[in-house]
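Engineer: Sequence plus the predicted model coming up.
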Amino acid sequence: MVKVFYGKKGTGKTKHMLDSANGLVAQSKGNVIYIDDSNELRLKLDHAIRFVNILDYPVKGADAFLGFLCGIASQNYDIETIFIDGLTYIVEQGAEELNKFFDGIDQISKGNNVDFYMSINGDEANTPEFIKKYL
């Protein structure tokens with residue numbers, strides 16, 4: 001499953017992601033991972049969640065980030081859920097450029113039984129068509 005929280009900055013996407021992650025980890029039989037581009041949220045997450053600051057790794061662009069996610073999924077078969085906070089900030093690309101990325105996320109999700117939750121900043125009125133099915 002892939003779920004996207006799409007909206008303007010300040011609409012509560014990150015809070016919803018934090019609440020979802022902290023709620024899921026208590027009932028999860030597998031590992032929960034939270035990826036962000038700063039350490040600001042580390043202390044707000046349950047200690048059982050594996051926090052990853054993407055800036056600790058030389059990952060640039062959507063293709064490299066997709067490869068990074070493939071590596072995470074392939075190295076640990078116990079991963080149940082991956083949260084990605086601020087996708088467009090992480091990949092430094094606009095949402096409209098991420099069609100191929102979402103095809104890859106779909107493949108990882110279905111092939112490895114991993115759920116993805118992502119937040120994307122943007123105007124809801126201009127949500128790209130290929131993202132609408134994940135809202």
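Structural biologist: That came through, no problem.
Engineer: measure the spatially most central residue of the chain to residue 27 for me?
Structural biologist: Centroid-nearest residue in the chain, with C-alpha atoms, centre = their mean: residue 84, separated by 2.1 Å. Residue 84 is 21 Å from residue 27, where distance means C-beta to C-beta, to the nearest Å. Any C-beta I mention is one placed from the backbone N, CA and C, and that applies to glycine too.
Engineer: just to revisit the earlier point, would you quantify the distance from the residue nearest to the centre of the chain to residue 125?
Structural biologist: Distance, residue 84 to residue 125, by C-beta to C-beta: 23 Å.
Engineer: Setting the sequence-adjacent residues aside, check what's closest to residue 28.
Structural biologist: Among residues not flanking residue 28 along the chain, residue 80 sits closest, at 5.2 Å (C-beta to C-beta, 6 or more residues apart in numbering).
Engineer: before we move on, back to that, identify the bridge partners of the nearest residue to the residue nearest to the centre of the chain once chain neighbours are set aside.
Structural biologist: Counting by C-beta to C-beta, 6+ apart, the nearest residue to residue 84 once its immediate chain neighbours are dropped is residue 118, at 4.4 Å. Counting by DSSP bridges, residue 118 forms beta bridges with residue 4, residue 84.
Engineer: From what I see, residue 118 and residue 14 are in contact.
Structural biologist: No: using C-beta atoms under 8 Å, residue 118 is not in contact with residue 14; the gap is 11.4 Å.
Engineer: The residue nearest to the centre of the chain contacts residue 119, doesn't it?
Structural biologist: Yes: if you go by C-beta under 8 Å, residue 84 and residue 119 touch, sitting 7.4 Å apart.
Engineer: quick one: buried residues of stretch 47-65?
Structural biologist: Going by neighbour count (16 or more other C-beta atoms under 10 Å), the buried part of stretch 47-65 is 49, 51-52, 54, 59, 62, 65.
Engineer: any idea how far residue 13 is from residue 49?
Structural biologist: Distance of residue 49 to residue 13, given as C-beta to C-beta: 17 Å.
Engineer: what's around residue 35, how many residues?
Structural biologist: 23 (other C-beta atoms under 10 Å).
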